[in-house]
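J.: My questions concern the predicted model and sequence given below.
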Amino acid sequence: MSSWSSGRIIGQKPPLKPKEVWAIQTRLQMSSAVRDLALFNLAIDSRLRACDLVAISVADVAISGRIRERAIIIQRKTGRPVQFELTDQTREAVGAWIGRRRLGERDYLFPSRVHAKPHLSTRQYGRIVERWVSSIGLDPKRYGTHSMRRTKAAHIYKKTGNLRAVQLLLGHKKLESTVQYLGIEVDDALAISEQVEL
């Protein structure tokens, strides 16, 4: 094992289970962690990569002081738009955070505490995710920002078996990318995709 990866677990980061999502949300609510609750809920709902999540502006999720029910973000990696729904609890958490910080529509939703940076960095976000998972007894080496991105997608796939829907939700160009991302067997994926008419 090379020195850069020593102690790190290489490979797919697992998604959070529903009870783990609930446990983290409950801890954040109880500790009045307004920013973290907004960030956590938005990470789960949006399924965005870390680089896109930290760069969200207030205008992306709110209009004239009202939190949107749906948002569209252009992904930095692919240049493709991805749309997502903001659940009631996410809208409530995001609204509370905007109000607490008195953020305007031109502001980043998660401004950096480091003066030289306009918004939270992906590295800072990664450390925050480690704190969240550690707080409920999970191994922070096993989970990461991709766990947040994969959580809702994995649950949707598990409930529906609809690969095409998950592909669209994640903004993947190819179905194979979605298969690989979810870590499902190719035979299973092909059997399911044959049932999905495009």
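T.: Perfect, I can see it now.
J.: Where do the strands of this structure begin and end?
T.: 62-63, 66-67, 70-74, 81-85 (DSSP state E).
J.: Can you add mean pLDDT and distance to I156 and give those strands back as CSV?
T.: In this view, the C-beta of every residue, glycine as well, is placed from N, C-alpha and C. Shown next, in CSV, are the strands of the chain (pLDDT from 0 to 100; distance: least, C-beta to C-beta, whole Å):
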stretch, mean pLDDT, distance to I156
strand 62-63, 93, 25
strand 66-67, 94, 22
strand 70-74, 92, 16
strand 81-85, 88, 11
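J.: I'd like to know which of these is closest to P14.
T.: strand 81-85 (21.0 Å; C-beta to C-beta).
J.: quick revisit: got TSV for the strands of the chain, with distance to E92 and mean neighbour count too?
T.: Below are the strands of the chain laid out as TSV (distance: least, C-beta to C-beta, whole Å; neighbours: other C-beta atoms under 10 Å):
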stretch	distance to E92	mean neighbour count
strand 62-63	13	16
strand 66-67	8	14
strand 70-74	15	15
strand 81-85	14	15
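J.: first to last residue in stretch 153-171, what's the distance?
T.: One end of stretch 153-171 sits 11 Å from the other (C-alpha to C-alpha, to the nearest Å).
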